[in-house]
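K.L.:
What follows is a protein structure lacking sequence information:
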Ligand code: SF4
């Protein structure tokens, strides 16, 4: 029995081009990530290019879209680059990509949408299929919240400024906002309990707050975390 499932191969919904894969890994044996706790992980990957090569050529646009933390973009703007080490998780799953069957089966653990790559690269039906296999426990984040309102019930709007947070909230999203040094957290947010500043008192698998807005009456707080 393999430890992962392929949910999609086809063009990116972010660019209308490219050839990308959606693989949920750790479906039977969880990841060892200490922040998330035991979870399955959705990896959105180039189908034919190693992730590191895609980041070098800029072809990671098909999986990461306009994220300001893409290595090329961050190098040009001075933004903190993406924390994902492409040779590790993404590279390992990519090398094993042909070993994951395309037969959905229930996962043992909650799933994180987008361990690398933005869920907005995928069709909505693929997101729904992944969540259906997760027994309804997931976390998800997208930078494409301005263009993919259909993901509002499934993902947090990834925000890098307080202005982004205000705009996304006005559009009905719950947000996951990175606070720059000295910024004051908005009143409609709480600090991520897995963060260092909150004492790392909980994992995502336990907390599960980052699962989008469950309709217009979802009054749960949005989330902030300090920039590192
Ligand atoms: S708020 Fe909860 S689910 Fe969201 S990142 Fe923090 S620990 Fe994970």
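P.N.:
It's in. None of the values given here were measured: they were computed from a predicted structure.
K.L.:
Show me which residues of the protein sit near the ligand.
P.N.:
Applying CB under 6 Å from any ligand atom, one finds that the chain approaches the ligand through 139, 192, 193, 194, 202, 204, 207, 208, 209, 210, 223. (Glycine included, C-beta is placed from N, CA and C.)
K.L.:
List the ones among the residues you listed that fall in strands.
P.N.:
139, 223 (DSSP state E).
K.L.:
which among the residues of the chain next to the ligand end up buried?
P.N.:
139, 192, 193, 194, 202, 204, 207, 209, 210, 223 (16 or more other CB atoms under 10 Å).
K.L.:
With pLDDT as added columns, please give the residues of the chain next to the ligand in JSON lines.
P.N.:
Rendered in JSON lines, the data for the residues of the chain next to the ligand read as follows (pLDDT from 0 to 100):
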{"residue": "139", "pLDDT": "97"}
{"residue": "192", "pLDDT": "97"}
{"residue": "193", "pLDDT": "96"}
{"residue": "194", "pLDDT": "95"}
{"residue": "202", "pLDDT": "95"}
{"residue": "204", "pLDDT": "95"}
{"residue": "207", "pLDDT": "95"}
{"residue": "208", "pLDDT": "94"}
{"residue": "209", "pLDDT": "97"}
{"residue": "210", "pLDDT": "97"}
{"residue": "223", "pLDDT": "98"}
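K.L.:
The closest residue to residue 61 other than its chain neighbours and residue 34, how far apart?
P.N.:
Nearest residue to residue 61 in three dimensions, chain neighbours excluded: residue 15, at 6.0 Å (CB to CB, 6 or more residues apart in numbering). Taking CB to CB, to the nearest Å as the measure, residue 15 and residue 34 are separated by 33 Å.
K.L.:
out of these two, which sits in the more crowded spot?
P.N.:
residue 15 (15 against 9; other CB atoms under 10 Å).
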